[in-house]
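Undergrad: please work out how this folds:
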Amino acid sequence: MQIQILGPGCANCVTLERRVQESLARLGISDAAVRKVTDYGEIAAYGVMKTPGLVIDGAVAVSGRVPEADEVDELLAAAR
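TA: Numbering: from 1, shown residues only. Presented below is the predicted three-dimensional model:
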């Protein structure tokens, strides 16, 4: 599983990354690669105009907000 956290490194981006890491641990997903994307060109290439953004296996799952922990769990479990 490939996961990208899109954003410049703001507090919301940090929160999203933490929630993703916690969800991966809760779900027992150990083979996921998490990468932070801070380049605005690369972020825009995903069609994301408002950060933070969460991309799972190449598809934008969330943008412009920080999802609650249970939503992150659902998104990652569905992508598994």
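
Undergrad: now stretch 18-35: mean pLDDT?
TA: Mean pLDDT, computed over stretch 18-35, is 96.

Undergrad: start and end of it, how far apart?
TA: Start-to-end span of stretch 18-35 (Cα to Cα, to the nearest Å) is 12 Å.

Undergrad: for the most centrally placed residue in the chain, name its beta-bridge partners.
TA: Centroid-nearest residue in the chain: residue 54, 2.9 Å away (criterion: Cα atoms, centre = their mean). Note on residue 54: beta-bridge partners residue 5, residue 62, judged by DSSP bridges.

Undergrad: I'd say it and residue 17 touch.
TA: No. Judged on Cβ atoms under 8 Å, residue 54 makes no contact with residue 17 at a distance of 9.4 Å. Glycine gets a C-beta too; all of them are placed from N, C-alpha and C.

Undergrad: now do the helices in this protein.
TA: 11-27, 40-45, 69-79 (DSSP state H).

Undergrad: adding mean neighbour count and distance to residue 61, write these out as a markdown table.
TA: As requested, these are exported to a markdown table (neighbours: other Cβ atoms under 10 Å; distance: least, Cβ to Cβ, whole Å):
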| stretch | mean neighbour count | distance to residue 61 |
| --- | --- | --- |
| helix 11-27 | 16 | 10 |
| helix 40-45 | 13 | 14 |
| helix 69-79 | 16 | 5 |
